[in-house]
Structure formats: structure tokens, C-alpha cells
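> Dropping a prediction and its sequence here:
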Amino acid sequence: MNTNSNTYTVVYSIILVVIVAAVLAFAAMFLKPTQDANVKKDTIGQILTAATFAGVQDADILDTYKAEIESAILVDFNGEEVGTLNIDECEVYGNSDLKRQIAAEQKALPVYIFKNGVTVVPCYGAGLWGPIWGYVGLEGDLKTIKAVRFGHKGETPGLGAKIADEPWFAESFVGKVIGAGEVLFEVAKPANRQLPESGVDAISGATITSQALGVTLNQWFGFYQNYFAKNGIAAEEVVDAVINETGELEPVTEVEPANTVEE
Amino acid sequence: MGNIKEAFLTPIFKGNPISVLVLGICSSLAVTVQLKGAFVMGLSVIIVTGLSSLVCSLLRNTIPNRIRIIVQLVVVAMMVILVDQVLKAYAYSVSKTLSVYIGLIITNCIVMGRIEAYALGNKPFASLMDGLGNGLGYAMILVIVAFFRELLGSGTLFGFQVIPQAVYDFGYANNGLMILPPMALILLGCIIWVQRSIQKDLQEK
């Protein structure tokens, strides 16, 4: 057969591509449940880290979560509970669910409350090369940060990737207070921060990732602000403070179309 | 049989794809910070080079000459995606560490280079062995480089601390340079240097 004729070439490439596509489609469908389970487990591992249960072995993640979680609820922008997540099935909001909430008019924002008193809230936004996300564990006053865990899809290794890799960066969040100054939270060098207690140092050489993280945190803390105000212990004080603030404060307008719609 | 044995053994030392042919350098710089990553990357490349060489060799008499590179690319891409999917399902943490580099195996010159240079002109079994041998040669260099980089850069091997705390107390410090890609290049240079002083026929006159 003349393997150089046009007909042969065209037919050959069509058949080859169809076979390859079939193989890949089959593999993707066959492996999807296992992959999804891995992603979910990874997410729960990050939530656990933010709830101060760091370094749990892969195999124990689901059991630890079930044992330590008090309740997992969904709240709207006004801080009212609008649903619950099934704890027995370890139901959590993954990145795609979080992404949907940013633009959604009726938000359903996950809140994970642990038996040790830590409340974990997520954040999700755009980094330099791809999405960045994180989980922030808060103490009972819902203002003071207890532990954090950040992740990213593909920030520059050695620079932006440090938000996930470097222990000192996560540690620098511990004890910081959300909303002590005019902005809820800052990731910037000390000289550019309004209040030392409501911000952390940015990472040298990773300006865009650091700024993006600051914007993302502000946006999500903004989403949760009403929930924090209503449910934080020492509620009276906190409510006053936040109402005053929302009166004056322009809630971090950079990437916050959803917020302005709500208000 | 001598031919097949040679096809498998030559690329491991005498015709090593990294240190002699100097192919596939980029990924050997990127994934050698830790042994674990280097190990899995090496294994993935062995599988991809072996199987793609086998498939291309089986197809070699039917492939239309004008689109042969595209056909090779499709076969290699399929293998790489399969490896990536399997890692995501069964070795998620490793797949997260290697992230984009598994996908980039497709751009690894060794894979396409061996198909074009060997598999298209040889029988399937010999091609499989040639592919496996080249993958193994690549993996070997990766592991050697990663061994030194992890030991000197982090003081660990496979994530376990091997340099005792007492040594640090005496003022020893991990070499931060080892974590950065340039040191992989320098280590690679040392490996090529050692190999060339053993194998005199590689030296240019």
C-alpha cells in the first residue's frame, strides 16, 4: 500500500486520533472517582491544618475530621445560616464550589466549626499564574487568627509558591487580628501597613502573589464579616466595631463586584 | 539477542541520554531538589519512553512519512496523560509535588529522540528495551543529582533527616544554593566530567 498518498495519510490520522481519544476518555472516566476522593481528602487535610491539626497522616485525615468537627454550615452574606454540610460523608466545599460563590448573588459560604473552638473559613482568588486559595482558622472571637494553610495551582517555585511551602509564612499569621485597622487584612511590608496586628509581611520577590493573597483574604473576610460580627464571642463589642467600620470603610473594592451588589 | 542487550545497556552508561547525548536537561534541573520527586519522575519517564518506543515501533511500517512526527507526538502525549492520570489517582501527593513536570515529559527530548532515531527503524522488542534503557539512564542521573542536592541542601534523604542535629550544633548549615536549579547544572557538569575521564573515547581531540 502507498503510505504516502493523501487519502492514506488523512484516514490514518483520523483513526489514530479516534483510538487515542477513546483510550484517554476511558482512563479519565475510570480514574475520576479515585482522583476526586484524593482532591477532597487533600482539601480536608488543609482545613485540618487551619484548625491546628497539622501533619495528620493521609490515611487518618477523614477519621480525624469526623472526630474533631463540631458542625459544618453554609452561611449567606448577612451571616445567616442557609444550609449544612454532611459531616458523616465529609462533605466540604472544594475550589470550584468556592469559585462559584465569588460571583453568586445568593452566597452559600462554608464555615467549619471544630470542637477545639477553632472556626475555619476558606478563601479563593486569582494569584499570578493561576488560582490561589487558603483556609484560615479563627479563635472564638472570630477575629484572631489561630492557624492558616494556603495553597496554589502554579505560583512560581521558590517565590510565590512560598505561600504554601514556607512554614514561617503561615506562622506569621498566628495571633494577627482581622479588621483592627481600616482594611480587614494586609499582606505588605511593615512600612506600608496601617496596623501591625492586622497584617503580615509580604514575600520578597513575590510581589504579585503577595498582593493577590491580600486582595483574596480581604474579599473573603468581607464576605464573612457579618457572620463574624454576629457569632464572635464578646459579641456586643464586636458588633459595634464592625457596624462603625462598615459605615466608613470601603470594603476593599479592587475585585469585589459581588460585595457591592449585595449591599 | 546481542543487539537487544546492547540496546538496553548502552544508554545506561556509555550512551547515557543526559551525560553523553545531553538531552532532557531541563527536567533534570527542575525535579531534583528531593529524591522522592526524582525517583517518581525517573519511573514515569522510563514507562513513557519504553511504551512510546514500543507502540511507535509496532506502527513503524504503517506511519505515513509526512506526518510521522505528529504521530509520534500523539503517541507520546497519550502515554504522558495516562501516567499523569494514574499518578493523580494513586500517588496524589507525589503528583502534586511534580505538578507540571509530568505533563512536560512530552517535551523531553529523550522520548522523541529515541523514537525518531531508534524505534522507527528497529523491531518492537528491541525498541522497548532501547526506550526502557534510555529512561533508566535518565532516571539514574536524576537520582544521583537529587541525592547530592537533597543531602547537602536539606540534610535529608527521601525526607528523612540523615545529618544529625549535633553536626548543626557545631555550626554546619544546609547549603541553600543546592536547592536552586543552577547547582543541578553544576552537579551535572561534574557527572559529565567524571564520565569523560573514565571513558576516554568521549573526549574531543
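Received it, and whenever you're ready, just let me know what you need.
> Spell out which residues belonging to the stretch 51-200 of chain A are near chain B, please.
Proximity of the stretch 51-200 of chain A to chain B, by CB under 8 Å from any CB of the partner chain, involves residues A:58, A:154, A:158. C-betas here are computed from N, CA, C, even on glycine.
> Which single residue of the stretch 151-263 of chain A approaches chain B most closely?
residue A:154 (6.5 Å; CB to the nearest CB).
> I'd assumed residue B:100 was in contact with that residue.
Yes. With contact defined as CB atoms under 8 Å, residue A:154 reaches residue B:100; the gap is 6.5 Å.
> More neighbours: which of these two?
residue A:154 (15 against 12; other CB atoms under 10 Å in any protein chain shown).
> How about the contacts made by residue A:205?
Contact analysis of residue A:205 by CB atoms under 8 Å, 6 or more residues apart in numbering or on different chains lists residue A:159.
> show me what contacts residue B:88?
A:31, A:35, A:38, B:95.
> Am I right that the second one is in contact with residue B:85?
What it means is residue A:35. Yes. With contact defined as CB under 8 Å, residue A:35 reaches residue B:85; the gap is 7.4 Å.
> what's the following helix or strand after the strand or helix carrying residue A:41?
Assigned by DSSP states H and E, residue A:41 belongs to helix A:6-50. As assigned by DSSP H and E, the chain's next helix or strand after helix A:6-50 is helix A:61-68.
> partner strands of the next helix-or-strand element following that next one, parallel or antiparallel?
Sequence order places strand A:69-75 as the next helix or strand after helix A:61-68, per DSSP H and E. Each strand paired with strand A:69-75, and its direction, by DSSP bridges: strand A:81-84 (antiparallel), strand A:109-114 (antiparallel).
> Pull the number of nearby residues for residue 74.
Using chain A here. Neighbours of residue A:74 under the rule other CB under 10 Å: 18.
> wrong one, I was asking about chain B
If you count neighbours by other CB under 10 Å, residue B:74 ends up with 17.
> Where do the strands of chain B begin and end?
B:156-157, B:160-161 (DSSP state E).
> would JSON lines of the ones you listed with mean pLDDT, mean neighbour count and distance to chain A be doable?
Below are the strands of chain B laid out as JSON lines (pLDDT from 0 to 100; neighbours: other CB atoms under 10 Å in any protein chain shown; distance: least, CB to the nearest CB, whole Å):
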{"stretch": "strand B:156-157", "mean pLDDT": "85", "mean neighbour count": "16", "distance to chain A": "15"}
{"stretch": "strand B:160-161", "mean pLDDT": "83", "mean neighbour count": "9", "distance to chain A": "15"}
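> For residue A:14, the count of nearby residues, please.
10.
> Would you mind measuring from it to residue B:191?
In this view, residue A:14 and residue B:191 are 45 Å apart by CB to CB, to the nearest Å.
> which stretch of helix or strand covers residue A:145?
Judged by DSSP H and E, residue A:145 forms part of strand A:145-152.
> Now the element after that strand, going C-ward?
Downstream of strand A:145-152, the next assigned helix or strand under DSSP H and E is helix A:162-165.
> and the following helix or strand past that next one, C-alpha only, in PDB?
Following helix A:162-165 in sequence order, the next helix or strand is helix A:167-171 (DSSP H and E). Provided in PDB are the C-alpha atoms of helix A:167-171 (Å, rounded to 0.1, in the frame of the first residue of the first chain):
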ATOM      1  CA  PRO A 167       6.300  27.400  57.400                       C
ATOM      2  CA  TRP A 168       7.400  30.900  58.600                       C
ATOM      3  CA  PHE A 169       4.900  32.500  56.300                       C
ATOM      4  CA  ALA A 170       2.000  30.500  57.700                       C
ATOM      5  CA  GLU A 171       3.300  31.100  61.200                       C
END
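> which residues are contacting helix A:167-171?
Identification of contacts with helix A:167-171 by CB under 8 Å, 6+ apart yields A:147-150, A:162-163, A:200, A:203.
> Same question for stretch B:93-106.
Stretch B:93-106 is contacted from outside by A:42, A:58, A:154, B:26-27, B:30-31, B:34, B:36-37, B:40-41, B:44-45, B:48, B:73, B:76-77, B:80, B:83-84, B:87-88, B:111, using CB under 8 Å, 6+ apart.
> where does chain B come near chain A, residue by residue?
Contacts of chain B with chain A, taken as CB under 8 Å from any CB, map to B:61-67, B:70-71, B:74-75, B:77-78, B:81-82, B:85-86, B:88-90, B:92-93, B:96, B:99-100, B:179-180.
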